[in-house]
Every structure is written in structure tokens, then in C-alpha cells.
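Based on what follows, work out the 3D shape:
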Amino acid sequence: MLGEQKHVSSGTLQNSFDRRSVVIGGLQASVGILLAVRQGWIGLVQNEKYKMASESNRVNLTLIPPRRGAILDRNNAPIATNRADLRIDLVPERLVDKERTIAELGELLSLDEVALQDLRDKLDKARGFQSVEAASGLRDDVYNRVLVRLPDMPGVVAHLGYSRWYPTGPSVAHLVGYVGPASAKDYEKEKNPLLITPGFKIGKDGLEKHFEATLRGVPGARRAEVTANGKVVRDLDMRDEIPGKPLKLTINAPLQDYAARRIGLESAAVVVMDCQNGQILALTSMPAFDPNEFVGGIGRLQWKMLNEDDHIPLLNKALRGLYPPGSTMKPMASLALLTHGVDPDERVSCPGGYRLGNRFFRCDAVHGSVDMRTAIEKSCNTYFWAMAHRVGYDAIAPVAKQLGLGQEFDLPGTAQRYGTIPDAAWKMRRYKQEWSAADSLNASIGQGYVSVSPLQLAVMTSRIASGRNVQPSLIFGQDKPLGPALPFTPEQLAVAHDGMFRVVNGSGTAGASRLPLDGIQMAGKTGTAQVRALVARGHFGDWKSRDHSLFVCYAPAAAPRYAISVVVEHGTFGARAAAPIARDVMTFLFDPAKAMATLSELEKTWGGTPTERMNAKYRAFVSRYGTSAPRVGDDEAVAKTMDAAENTQPPGDGASNETGPTRPEEPPAQAAPEAEPAPTPSPAAPTGAPPAPGAAP
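Predicted coordinates for the structure are as follows:
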């Protein structure tokens with residue numbers, strides 16, 4: 001019936017209650033069992049995992065960067081070392097309010113706007129936990145001022161450790177390279193947590209990079225009990241780091257620094273070798289960068305200074321600069337002529353030049369009748385043109401290579417350029433043209449297609465001086481064995497030695513550069529290499545159009561021990577720029593005090609040491625450009641810029657093929673007799689070919 005209600009008895013209610021109790025009880029039991037299983041899994045199976053997690057909350061484990069192995073000179077003086085350092089770093093991943101933290105640090109560390117901008121740039125390039133150096137070399141009071149504020153600045157880390165230090169700064173930049181923070185790509189490649197440890201640096205260039213595995217060392221570790229906020233309660237354990245192994249070079253550090261400073265305001269390279277065993281005592285290229293500035297990452301203005309300097313401080317001129325050797329090749333050419341039967345006493349008349357067909361190649365003066373020794377002494381082109389035309393350039397090129405020109409040497413950690421010792425096969429490959437008699441004349445006096453490095457010139461001079469096939473070495477204790485015997489008799493070597501001796505001590509082109517030492521004489525040869533044909537004669541014209549200045553020498557002349565090559569870019573005459581530098585560097589080898597007295601007077605007129613001049617230039621850039629300089633690229637961009645500087649075309653390449661009067665080694669006291677006008681270049685001359693004979697002696 002409608003409205004009739006279902007009868008519910010007590011039994012029905014009891015049955016319903018029992019069913020629900022069973023369901024709920026089953027669910028509770030299931031949850032309990034799951035919780036028990038989970039608790040058992042955590043307590044038994046994953047016990048070690050959570051024990052370690054708990055321990056990591058209580059204990060902080062940090063890596064201690066190892067002290068980098070020192071780079072030492074031959075007498076164990078430091079070239080690159082480590083110094084105790086109070087430093088402040090930032091860890092981007094831990095920064096809470098980046099701009100506020102930067103502003104507070106700027107106030108605490110007294111950073112100007114340029115430094116703050118550089119710091120922001122570094123943070124933008126950093127990734128994850130890779131630390132960024134904010135300041136280093138801090139005074140105790142400044143460091144302590146930051147310490148007390150650390151709890152309020154998450155991401156800021158204070159360190160008492162060691163940092164790389166180059167005592168002579170730019171003097172060794174191209175020799176050893178530099179270190180810097182590891183990049184994100186470095187970490188991706190190696191996956192080593194040491195690379196993102198605050199304060200750790202890796203080799204980025206030169207010896208620092210090549211010997212990274214030797215110099216790095218093994219990191220230490222520190223376990224400390226910390227609070228939940230990361231404050232250290234006590235040290236629990238520490239494993240000492242193992243410093244990297246030292247690297248000992250053949251370099252004489254005081255000589256290296258002296259040579260770099262003596263270059264002064266010039267753009268030049270100086271190489272000094274022991275011509276008895278081939279050890280390199282100095283390998284200098286200036287101007288250079290300061291590797292100390294690269295340790296924490298270079299800033300915008302410093303990078304702008306390096307990029308805009310027309311003296312190219314990023315180029316290692318000693319190893320990668322290529323230059324026409326000019327008349328510095330003449331002692332080598334003499335030996336080549338002697339081995340092909342030329343009598344050194346045979347005389348050639350120099351009327352002021354040499355005629356080849358309908359072309360007249362002018363010498364720098366009328367030398368009259370000259371023999372081989374006098375031709376070296378007076379740097380007479382006419383003599384070498386006549387003899388090279390007689391025996392052929394094919395007799396000279398192999399000897400140039402035997403003496404080290406156009407060669408690469410086994411020097412670890414260096415990137416060298418070969419240069420060019422041309423011959424007929426080379427010209428055909430390069431220009432698809434036959435070798436000509438004019439090419440032979442041109443190459444015989446170190447012009448035209450010929451290009452060499454300052455290191456090669458030093459090797460050549462060492463071999464001529466000693467008569468031994470010495471091989472250059474840079475790592476102390478790893479001297480290279482002698483190469484094949486040189487094809488010269490003592491009598492033939494004596495001819496070249498006599499000519500070079502008279503260049504300095506006779507009436508030759510470098511008489512003003514005699515050593516100011518009693519009982520020690522120097523033998524040498526000047527060179528003035530043409531940069532552009534008929535544009536700038538010697539010291540005239542704009543800087544880049546002037547001739548290069550070269551000088552090679554050895555001393556003592558009676559018993560050769562040291563050989564030096566000097567190349568001054570656009571330095572005008574060989575006797576004017578390069579020879580005085582070589583004289584003072586050679587003087588330092590025998591009497592450092594006398595040489596330093598000379599240098600001190602010169603630096604007063606130059607504005608101080610290289611470091612002092614760089615600092616002054618930086619201050620001027622800060623005042624002029626402020627924060628407007630462009631951003632510095634990443635490691636790849638920096639490497640690309642440095643590589644671009646190293647791969648510029650060698651000076652002289654692309655000069656015209658015109659013939660003109662040669663460059664005198666030193667301005668003559670009176671005008672030389674008028675020579676026959678130079679003819680118009682042949683239409684067959686290759687476009688962009690180097691100048692024909694008539695270049696500087």
C-alpha cells in the first residue's frame with residue numbers, strides 16, 4: 001500500500017553494522033599493512049640512504065681546491081705561483097635577490113660602477129653552482145666586514161685560500177698563458193665537481209693549459225657539522241689537498257722580465273738562447289696582457305684596451321709573428337755560397353745596385369769593391385744579388401732550412417707558425433707561376449716571399465755562432481739532441497763570424513751598439529725589412545707603413561755562448577731600434593746592474609714599467625668610457641679573438657712588386673749618389689706579390 005514503510009528489525013540493523021565494520025576494518029588493516037611495509041622498507045632496505053641524507057643535513061662536505069703547481073725558471077725562481085688570498089665569491093644558484101646582494105657587496109667592497117657591471121656580466125655567463133669571483137686580494141678589515149654580513153646575503157661565499165699569481169705580470173703572459181674559472185662547457189666535458197668549487201681555476205692558454213694535468217693537483221676535502229642555516233659548529237674531519245707538480249723551464253726569469261721591460265713602448269719580440277745547448281733563456285713578446293687580470297675573469301674595459309691596441313698585445317710575436325728577415329739572412333746566405341764553391345775573397349763591384357736584364361735593383365749606397373766579409377759588414381745587397389744570380393737561389397733555400405728558418409720546433413705548450421722559405425715548387429703551388437730570377441734576388445736578401453719568426457732567427461743565429469745543429473728547448477732537463485751535422489767547415493763558419501764581428505766592432509751598420517763591457521765583444525747583423533714598397537722609407541710615414549727593425553747577435557764573439565734575435569715592428573732601421581735592445585739585453589747577461597741602470601733611466605721617459613703603464617691606461621679608459629664598453633664574450637669568443645690576432649697576414653705580404661732604393665741600416669751622413677730610376681713593374685708581376693729586390697738591408 002501507498003505510504004507503507006519497510007519494517008526494520010534489530011537483526012537487520014545488526015547485519016548492516018557488521019558488514020560496514022568488516023569493510024572499514026579491512027580498509028584500516030590494509031592501510032596499516034601498507035604503512036608497516038613502507039616503514040619496514042625505509043627502516044631496513046633504505047636505511048643507508050636516509051641515514052646519509054640525515055647526516056648531510058648535519059654535516060657539510062666541501063672540496064678544497066688544490067694549490068696549482070708552480071712554474072719555475074731555471075734557478076727555481078717563480079714565474080707563476082700561488083699566494084694566500086682573501087676572496088669573496090658569488091654562487092648564482094644560491095642567490096635570492098641578485099641585485100640587492102650585488103648592491104650590498106658593492107658598498108662593502110667599495111666597487112665602482114665599472115666593477116659592478118663586470119660582476120653582473122660574469123653572473124650572467126655563470127651556470128648553476130659555478131662560483132663567480134666578486135673580489136680578491138682583500139685586506140683583513142674589508143674581508144671581516146663582509147664576513148659579519150654573510151647570514152643576510154645568501155649566495156655569498158667568503159674564502160681564505162690561494163690564487164694564481166704571476167709576479168712579473170705581462171712579462172710572462174705569452175710565455176705561460178693564463179688561468180681562469182672553468183666554463184659551463186668545461187664542466188660538461190669533464191663532469192668534475194672540482195670545476196665548480198669556489199676558487200678553483202684551470203689553464204686556459206699556453207703552458208698553463210698544456211700542462212693542466214701536471215699542474216692541477218688533487219683536491220682536499222673538509223667535513224664540518226653545521227646548523228640548519230648552514231653555520232659551521234665544528235670541524236669533524238679534513239683531508240689535505242695534494243698540490244700540483246711544479247714545472248721547471250729553461251727560462252731565466254730576471255732576463256725574461258728585463259727583455260720585456262726593455263722593449264718599452266715598441267711592439268717587438270726578443271728571443272735569447274744558449275747556443276751551446278739550445279736552451280731558451282727568454283721568449284718575450286710585447287706589448288702583452290696581464291695574466292693576473294684574467295685569473296678572476298677579464299672585464300669590459302680591459303678587453304676593450306686589448307682589442308683596440310694596434311700593437312696587438314694578444315699576438316705572441318716571438319712564436320707567431322712572421323716578418324721578412326731582411327739582411328739578417330746574409331750570414332746564412334754567405335754559408336750557402338761558400339758550400340757551393342764561392343771564394344770569400346772574390347770581390348764584386350757595387351756601383352749602387354745590380355742590373356738584371358733591363359731592370360736595375362738599387363743598393364742603399366755605392367760600396368765599391370767588396371768581398372764576402374765586407375758585404376756582410378756593409379750589408380751590401382749588390383754582392384748577394386750577384387752571387388745569388390750566379391749560383392741560383394736553389395743553393396740558398398736548403399741552407400736556410402738547415403739553419404732553422406721556416407721550421408717548427410718541438411716546444412710543448414707553444415703554437416708556432418712556420419713562415420715561408422720559398423722555392424720554385426712553393427711559388428707554383430701558391431701562385432701558379434714560375435720562379436723568376438728576380439724572385440731569387442729578392443729572396444737572397446730576406447725579402448719578397450720570405451717570412452720567418454723571431455724564434456727561428458734565434459735558432460739560426462745559435463747554429464751559425466756555435467757551428468752545431470742545436471735544437472731549442474723550453475722544459476728544463478729535457479734538452480733536445482743535436483740534429484744532423486751542419487755542412488760547414490770551421491773555415492767557412494769563420495767567414496760568417498768575421499763579417500758579423502765587423503758589423504758591430506768594425507765600420508759596420510751596428511757600430512753604435514757595441515757592448516759597454518770590458519773584454520766582451522758581440523757579433524751581429526742588422527736588418528731593415530720592407531713593409532710596403534715605395535710608401536714609407538725607413539722612419540717616415542705612419543707607424544704601420546714603416547719598415548721593421550731586426551737584429552741578430554751572439555756573444556762573446558770569441559767563444560759564443562748566448563744568441564739573441566730582436567724584431568721591432570715598424571721600428572725603422574735595424575741599427576736604430578732593434579740593435580740597442582739586443583745590446584742592453586746582452587749586457588744584462590754579463591752585468592745586470594749596469595743594464596738595469598740603463599733601463600731605469602729609459603722607463604722614466606716611458607711612464608714606468610709595463611704594469612704601471614697598463615694601470616694608467618686602464619684608469620684613462622675608465623674615465624673616458626665608463627660602463628659603455630661592449631660585453632666580453634665567453635671562452636670561445638675570447639679564444640676566437642686571440643686566434644684572429646694570431647692569424648693576421650704577415651707584414652709585407654701583399655706589397656707591390658716595384659723596385660726601388662733599398663733601406664739603409666742607418667741614415668747616411670750625406671746623401672748617396674743618385675741611382676738609376678726604377679723601371680715600371682713588369683705587367684707579368686703577380687697581383688699581391690711581395691716587393692722585388694730593392695728592399696731594406
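
Pretty sure residue 242 sits against residue 69.
No. Shown here, residue 242 and residue 69 do not form a contact pair, counting by Cβ atoms under 8 Å, at 10.3 Å. Every residue, glycine included, has its C-beta placed from N, CA and C.

Looking at these two, which one has more neighbours?
residue 69 (19 against 13; other Cβ atoms under 10 Å).

Overlap in contacts, residue 242 and residue 69.
residue 217 (Cβ atoms under 8 Å, 6 or more residues apart in numbering).

From residue 323, how far out is the residue lying closest to residue 570 once chain neighbours are set aside?
Spatial nearest neighbour of residue 570, chain neighbours left out: residue 546 (4.1 Å); criterion: Cβ to Cβ, 6 or more residues apart in numbering. Counting by Cβ to Cβ, to the nearest Å, the gap between residue 546 and residue 323 amounts to 13 Å.

go on, residue 181?
In this view, residue 181 and residue 323 are 36 Å apart by Cβ to Cβ.

Buried residues, stretch 125-145. List them.
125-126, 130-136, 138, 142-143 (16 or more other Cβ atoms under 10 Å).

hang on, I meant stretch 417-426
Buried residues in stretch 417-426, counting neighbours by 16+ other Cβ under 10 Å, are found at 417, 419-424.

how about those in a markdown table, adding secondary structure and pLDDT?
Output for those, formatted as a markdown table (DSSP: H, G, I helix; E, B strand; the rest coil; pLDDT from 0 to 100):
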| residue | secondary structure | pLDDT |
| --- | --- | --- |
| 417 | coil | 91 |
| 419 | coil | 92 |
| 420 | strand | 94 |
| 421 | coil | 95 |
| 422 | coil | 94 |
| 423 | coil | 89 |
| 424 | helix | 89 |
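
From the contact counts, what lies against the one helix or strand residue 144 maps to?
Here residue 144 sits within helix 140-147, counting by DSSP states H and E. Other elements packing on helix 140-147 under the criterion 3 or more Cβ pairs under 8 Å, 6 or more residues apart in numbering; DSSP states H and E are strand 78-90, helix 98-109, strand 156-165.

C-alpha coordinates for that helix, PDB please?
Taking C-alpha atoms only, helix 140-147 is exported to PDB below (Å, rounded to 0.1, in the frame of the first residue of the first chain):
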ATOM      1  CA  ASP A 140      91.600  41.800   6.600                       C
ATOM      2  CA  ASP A 141      89.300  44.600   7.600                       C
ATOM      3  CA  VAL A 142      87.300  44.500   4.300                       C
ATOM      4  CA  TYR A 143      87.100  40.700   4.400                       C
ATOM      5  CA  ASN A 144      85.800  40.800   8.000                       C
ATOM      6  CA  ARG A 145      83.300  43.400   7.100                       C
ATOM      7  CA  VAL A 146      81.800  41.000   4.600                       C
ATOM      8  CA  LEU A 147      82.000  38.000   7.000                       C
END
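
Show me how far that helix is from its chain's centre.
36 Å (Cα atoms, centre = their mean, to the nearest Å).

Contacts for it next, please.
Contacts for helix 140-147 (Cβ under 8 Å, 6+ apart): 86, 88, 105, 108-110, 138, 156, 158.

out of the helices and strands packed on helix 140-147, nearest to residue 430?
strand 78-90 (39.6 Å; Cβ to Cβ).

quick one: contacts for residue 181?
With Cβ under 8 Å, 6+ apart, residue 181 has these contacts: 130-133, 200-202, 296-297.

Out of those, which sit inside strands?
132-133, 202 (DSSP state E).

Any stretches of this protein with poor pLDDT?
Residue ranges of the chain with pLDDT under 70: 1-8, 10-14, 16-18, 42-61, 127-129, 224-236, 532-541, 634, 644-697.

just to revisit the earlier point, just the buried residues of the contacts of helix 140-147.
Using 16+ other Cβ under 10 Å, the buried members of the contacts of helix 140-147 are 86, 88, 105, 108-109, 138, 156, 158.

Could you check the strand or helix carrying residue 497 and say which residues are buried?
Element membership of residue 497, judged by DSSP H and E, is helix 490-505. Residues of helix 490-505 classed as buried by neighbour count (16+ other Cβ under 10 Å): 492-493, 495-505.

do stretch 355-366 as well
356, 359-365.

One more: stretch 611-623?
For stretch 611-623, using 16+ other Cβ under 10 Å, the buried residues are 613-614, 617-618, 621-622.

Can you tell me which of these is nearest residue 96?
residue 622 (30.9 Å).

what about that closest one, distance to residue 616?
From residue 622 to residue 616 the distance is 11 Å (Cβ to Cβ).
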